[in-house]
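Trainee: Show me the folded form of this:
(4 chains)
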Protein chains: 4
Amino acid sequence: MALRVAVAGASGYAGGEVLRLLLGHPEVEIGALTGGSNAGARFGGLQPHLLPLADRVLEATTPEVLAGHDVVFLGLPHGQSAAVAEALGEDVLVVDCGADFRLKDAGTWERFYGSPHAGTWPYGLPELPGHRAALKGTKRIAVPGCYPTAVSLALFPAYAAKLVEPEAVIVAASGTSGAGKAVKAHLLGSEVMGSMSPYGVGGGHRHTPEMAQNLDPVAGEPVTVSFTPTLAPMPRGILATCSAKAKPGVTYEAVRRAYQEAFAGEQFVRLLPEGQWPQTSSVYGSNAALIQVALDEHAGRVIAISAIDNLVKGTAGGAVQSMNIALGLPEELGLPLNGVAP
Amino acid sequence: MALRVAVAGASGYAGGEVLRLLLGHPEVEIGALTGGSNAGARFGGLQPHLLPLADRVLEATTPEVLAGHDVVFLGLPHGQSAAVAEALGEDVLVVDCGADFRLKDAGTWERFYGSPHAGTWPYGLPELPGHRAALKGTKRIAVPGCYPTAVSLALFPAYAAKLVEPEAVIVAASGTSGAGKAVKAHLLGSEVMGSMSPYGVGGGHRHTPEMAQNLDPVAGEPVTVSFTPTLAPMPRGILATCSAKAKPGVTYEAVRRAYQEAFAGEQFVRLLPEGQWPQTSSVYGSNAALIQVALDEHAGRVIAISAIDNLVKGTAGGAVQSMNIALGLPEELGLPLNGVAP
Amino acid sequence: MALRVAVAGASGYAGGEVLRLLLGHPEVEIGALTGGSNAGARFGGLQPHLLPLADRVLEATTPEVLAGHDVVFLGLPHGQSAAVAEALGEDVLVVDCGADFRLKDAGTWERFYGSPHAGTWPYGLPELPGHRAALKGTKRIAVPGCYPTAVSLALFPAYAAKLVEPEAVIVAASGTSGAGKAVKAHLLGSEVMGSMSPYGVGGGHRHTPEMAQNLDPVAGEPVTVSFTPTLAPMPRGILATCSAKAKPGVTYEAVRRAYQEAFAGEQFVRLLPEGQWPQTSSVYGSNAALIQVALDEHAGRVIAISAIDNLVKGTAGGAVQSMNIALGLPEELGLPLNGVAP
Amino acid sequence: MALRVAVAGASGYAGGEVLRLLLGHPEVEIGALTGGSNAGARFGGLQPHLLPLADRVLEATTPEVLAGHDVVFLGLPHGQSAAVAEALGEDVLVVDCGADFRLKDAGTWERFYGSPHAGTWPYGLPELPGHRAALKGTKRIAVPGCYPTAVSLALFPAYAAKLVEPEAVIVAASGTSGAGKAVKAHLLGSEVMGSMSPYGVGGGHRHTPEMAQNLDPVAGEPVTVSFTPTLAPMPRGILATCSAKAKPGVTYEAVRRAYQEAFAGEQFVRLLPEGQWPQTSSVYGSNAALIQVALDEHAGRVIAISAIDNLVKGTAGGAVQSMNIALGLPEELGLPLNGVAP
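Mentor: Numbers count the residues shown, from 1 in each chain, chains lettered A, B, ... in the order given. Now for the predicted structure:
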């Protein structure tokens, strides 16, 4: 008996990618597709790559339309998820691709998002120590931000093994889909192609406290995060270059061992063989996270680099993976491990 | 009981894409992966996006290595397929992604390829009238060229319905993977990005006679093809703009009806609704071909445009689709209908 | 004594490129920069690549602001140029980068643009037979459309020498800056990168009648134009693939000679040596147009291909070149002949 | 009387860009163009964007061919510059775009380059304290590496004003032309487009000691540099994200003041207004370096970001600027300050 799944915000990039994955999920039947200003439009004109849904019509995001589903994915603007979730009731699995329920600390939330804190839901990054268990059987999932996914996977093994100091420096490059489908001048193709540009420099990006929240408990101490995101001329992908000062006496062998152990048994996170570095093209369309790590002995730093697809492992793939865990399904159902390359 | 499948030329773009699709094919078990100069290398270093095969080793392309498989895909340089196929024997299904067995006319082959003609195998474009039947049960398949796939699908309905004159003008843009993985200066990223460039202008491209061979029998008369390929700054995709002079009295309704009928019942070829035009991003990684057609009444021409992924419907997807037909499997097994977008 | 030059619409792509060229023009002093909704903004935030103008402020497009200049370039939305020009008076050289004064036939204008015809000004394509003379001393210049520039240069020699039939088939690929800076969803980087897409198919593109208007008098008979524009994943550049049926008995030597003669003495239009084909990267940022021509003897067609930068030779460069002619300055002043490559 | 200038290595990216700039330099006459394996080829086939030189022929790099010039630019593989320079004699200004004469410490050179140290020449980064004076009248110039140019400009003001600790963390993204024109598989367009990839991670990149050499004397203490370069899907441009721990009590006002003072009077280095961040598209083809700086109070770090064109300010522009200084010409001759955007 198939699960009946609705997607609210189906015309956006997150919603579209959830649907692309669900179309390949053997236990899922796709129900309502809802949206905001586009409601009433033929879906094939909104997401022309999703051929099996081309003749569907986008409906309005209302409790009535979303009722009667086993799972509802939310790809809504910040601040709208709580009301929709409440109307759905406690028996429906709600998977929120937005930020509303990611942060634990209300003050931090309010400082970075400028609105009242809605609460905290189990966090959909199962590879992070302690999180897979919390996802089992839950009816509410907060899908992590794309940058925190890439960064937390790259750094947590070093913190878990007490290899590095609690000051992390992160510079990450993201494809433009990370900025969403909202139409802004600086996201025009003419502006983006051929250009690298930073934004949110100096500690202001909203994903910064989410990274710290993920790393603090693993490190057993507060981790200070310096995070600089940059926009890269590509539609998808995050390459996160993360580093922290090595603790005295740390060896490369210890670093490598820590990473091997951290990802042992994980299907979607791979420590690459020595000499091979992650590139975003390898995970295009895939739920995999590729990791490599180095010890710069001269500079005294551990450098960990991860590559993910921001829309898959960074959003929709993490969402489906967490749904699978919540429902007791095999964790990998519907999730591609291969990238589409070249 | 799974089919055991080998891929010769597994480190190239065609071979890699065949493997990406086969990894999602429920009836297939991947056997030997072979190559030329790279034999002996870890596969993960050659095709880093194919994670489940990362720890395999590329073997040499020899009869011994390729023996013992039910199906062998060939992604070899021109002229090498015949010898390999002969060594495999008549019970093995051989699917040749190269050009060796595509053309029927030996003289045309020799003029365009400059080597002796190897023969002709059933042609793996099942949507072309008469071809699906010829693929059933065959042990030899010639996978069409990527441009002929895009162009033949766009134009054959107009010729089948006798709507246009037998002089076709085609300008197609292809992603760079169509040029293969061989390392050439004009294919460097620095040269390709930000640039459109034509090549093989004036009738010299080897895919030109293949297009004519496909259209002639449908038209019932020889079709003269003017074909200009161009290289576009993207890794994948073909957009083929095809046109021919409309016969007297042809109406738009007749054109549209011809295309609707031609693709009725096809899973992978879609005539888009009026007003929507194909774009290559919609078929990125997908086996779909998107088609739209117009009648320019002032210029008196029918314009048909198709978008495919040159590595999927244009190569590896067409190959797997034809394999499915040859083996009596459901035609769509292992073949994505969704594109990876944005 | 420097010419004082104003640019109306200075925050757009055409206006920005006019300014980039004028900053390198030895006889020009840049006066007012005006705009619409952005008026009052610091110019460095609008056109961050134009460093010498960074601390200027964009003013409103009013007669008062534009008064007191020797030359005014207009980069305005369709329909606004006539009123601005009239207010400037007859002694000011007005160079309109928009379409308002390009077409001669009022009925054609109204059919394609849906508004009343404003008139016809001397047409700024000096390499087209007869046009350079008309530009000398003029106080009004209509800058050609980018596609008509690329197409007319590629085809007029064949028509001038009576080598081809009066039915031209044109498929052109343009960088996204050709679509302007207006913010539209399909022009987002996420949508554009990795994708080729057609638009205005079937005769509807507004540049179609402009091409015919250019070719008709050269051919001495009406030329029917089938034109299909496509959007390519690059910020700049047009590659126009143009062809027409060769008249009986036409030889390659005759074709080549016609093109050599047509461009003899031109500084900015180059017929490439045999074997070399134009690519848009070669003219990135340059006022050059590169042309190559072939005779496909099998298909019986002459194929002429041109590459230009849509913002330079296709807009701002053509505008400055025509200004130079109008003012009696050396035609090449301020105009780069080199591309920025790779 | 024009300077006669030769370029050895004229078919490469550095040599080509030197020529593009020299073609716009009012005091220069371009003499011999030399190369290695391409010698004898028509220059228009090697650098098709340099139209005025299209009919030149590439000569062999020999003392005879290079004799008789006032200035010789070298764009040669590592290790070849010393012999060529010696043969030219002491009266010729030799500008080496390669690395051979950049490093002062022979041991460091040998460790990073694996060959004997050739010596040290005046270093062509005039904006770095103390360097402009050393360039005046010199007959030998070592052009800085592209990454060290971007990084040194971004960081030296913070070190000069003693604002930060001597441990710098740098992550930089470069366009693919930085990797040169040598044909390598990972630089193919199909591999590069849509992908970000790191390389030389962990302290191994040859530009690392050059950065330290530039910053040490400014800081007055040894600066430890952690440097991670990444390859971005664009032909040109470097975006360097640099940070270091702020010293206790450092304020944003102090940081901003230090940067304003450091670049006061510089034509090509611009501290952007607050709120505006550098992007590589703004300096495409330009000799400008754009800088912005932030103080992350929570993380306690100063973050300085620079954008340059790796081929202009990072190579050929720096080379021409230094030539101008050496010869007593106005520093800005032949150097564009505007980028080519969009």
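
Trainee: Tell me which helix or strand the closest residue to residue A:296 other than its chain neighbours sits in.
Mentor: Distances taken as CB to CB, 6 or more residues apart in numbering or on different chains put residue D:203 closest to residue A:296, at 4.0 Å, once the chain neighbours are dropped. Any C-beta I mention is one placed from the backbone N, CA and C, and that applies to glycine too. Using DSSP states H and E, residue D:203 falls within no helix or strand.

Trainee: Surely residue D:203 is in contact with residue A:297?
Mentor: Yes. If you go by CB atoms under 8 Å, residue D:203 and residue A:297 touch, sitting 7.1 Å apart.

Trainee: Compare these two and say which is more crowded by neighbours.
Mentor: residue D:203 (21 against 13; other CB atoms under 10 Å in any protein chain shown).

Trainee: picking that back up, distance check, the residue nearest to residue A:296 against residue D:164.
Mentor: Using CB to CB, to the nearest Å, one obtains 20 Å as the distance from residue D:203 to residue D:164.

Trainee: How about residue A:136: what's its closest non-neighbour residue?
Mentor: Distance criterion CB to CB, 6+ apart; nearest residue to residue A:136, sequence neighbours excluded, is residue A:325 at 5.9 Å.

Trainee: Give me the pLDDT for whichever residue of the stretch 101-250 of chain A sits closest to chain B.
Mentor: In the stretch 101-250 of chain A, the residue that lies nearest chain B is residue A:235 (4.8 Å; CB to the nearest CB). At residue A:235, the model reports a pLDDT of 98.

Trainee: and it, how far is that from residue B:31?
Mentor: Noted for residue A:235: a distance of 35 Å to residue B:31, by CB to CB.

Trainee: And residue A:81, by the same measure?
Mentor: Computed as CB to CB, the residue A:81 to residue B:31 distance reads 48 Å.

Trainee: ok, these two, which is more surrounded?
Mentor: Counted by other CB under 10 Å, residue A:81 and residue B:31 do not tie: residue A:81 has more neighbours, with 26 against 19.

Trainee: if I pick that one, what's in contact with it?
Mentor: Applying CB atoms under 8 Å, 6 or more residues apart in numbering or on different chains to residue A:81 gives the contacts A:74, A:94, A:96, A:98, A:100, A:101, A:118.

Trainee: Residue C:66 versus that one, what's the distance?
Mentor: Residue A:81 sits 51 Å away from residue C:66, going by CB to CB.

Trainee: got it, and residue A:79?
Mentor: Counting by CB to CB, the gap from residue A:79 to residue C:66 is 46 Å.

Trainee: which of these two has more neighbours?
Mentor: residue C:66 (24 against 15).

Trainee: Quick one: residues contacting the more buried one.
Mentor: Per CB under 8 Å, 6+ apart, neighbours of residue C:66: C:6, C:8, C:32, C:34, C:72, C:84, C:87, C:88.

Trainee: Just to be sure, which of those residues are found in strands?
Mentor: Using DSSP state E, the members of the contacts of residue C:66 that fall in strands are C:6, C:8, C:32, C:34, C:72.

Trainee: Give me the three-state assignment for the closest residue to chain D within the stretch 1-150 of chain A.
Mentor: For the stretch 1-150 of chain A and chain D, the shortest gap (CB to the nearest CB) falls at residue A:111, measuring 10.5 Å. The local conformation at residue A:111, judged by DSSP: H, G, I helix; E, B strand; the rest coil, is helix.

Trainee: which ones are touching residue A:149?
Mentor: Applying CB under 8 Å, 6+ apart to residue A:149 gives the contacts A:125, A:289, A:308, A:313, A:314, A:318.

Trainee: Would you mind writing the CA trace of stretch A:241-256 as CSV?
Mentor: The C-alpha coordinates for stretch A:241-256 follow below in CSV (Å, rounded to 0.1, in the frame of the first residue of the first chain):
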residue,chain,number,x,y,z
THR,A,241,36.2,24.2,2.4
CYS,A,242,36.4,23.9,6.2
SER,A,243,39.4,24.1,8.5
ALA,A,244,40.3,24.4,12.1
LYS,A,245,43.6,24.5,14.0
ALA,A,246,44.9,21.1,14.8
LYS,A,247,45.4,20.3,18.5
PRO,A,248,49.0,19.7,19.5
GLY,A,249,50.4,16.3,18.5
VAL,A,250,47.6,15.4,16.0
THR,A,251,48.9,13.2,13.2
TYR,A,252,47.5,12.7,9.7
GLU,A,253,46.9,9.0,10.6
ALA,A,254,44.7,10.0,13.5
VAL,A,255,42.8,12.4,11.3
ARG,A,256,42.2,9.9,8.6
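
Trainee: Is chain D within reach of it?
Mentor: Yes. Applying CB under 8 Å from any CB of the partner chain, one finds stretch A:241-256 in contact with chain D at A:241, A:243, A:245.

Trainee: The last one looks like it's in a helix, true?
Mentor: No. If the criterion is three-state DSSP, then residue A:245 is strand and not within a helix.

Trainee: shouldn't residue A:251 be in contact with residue A:295?
Mentor: Yes. Residue A:251 is within contact range of residue A:295, at 7.4 Å (criterion: CB under 8 Å).

Trainee: So which of the two has more stuff around it?
Mentor: Neighbour totals were compared for residue A:251 and residue A:295, and residue A:295 leads with 20 against 12 (other CB under 10 Å).
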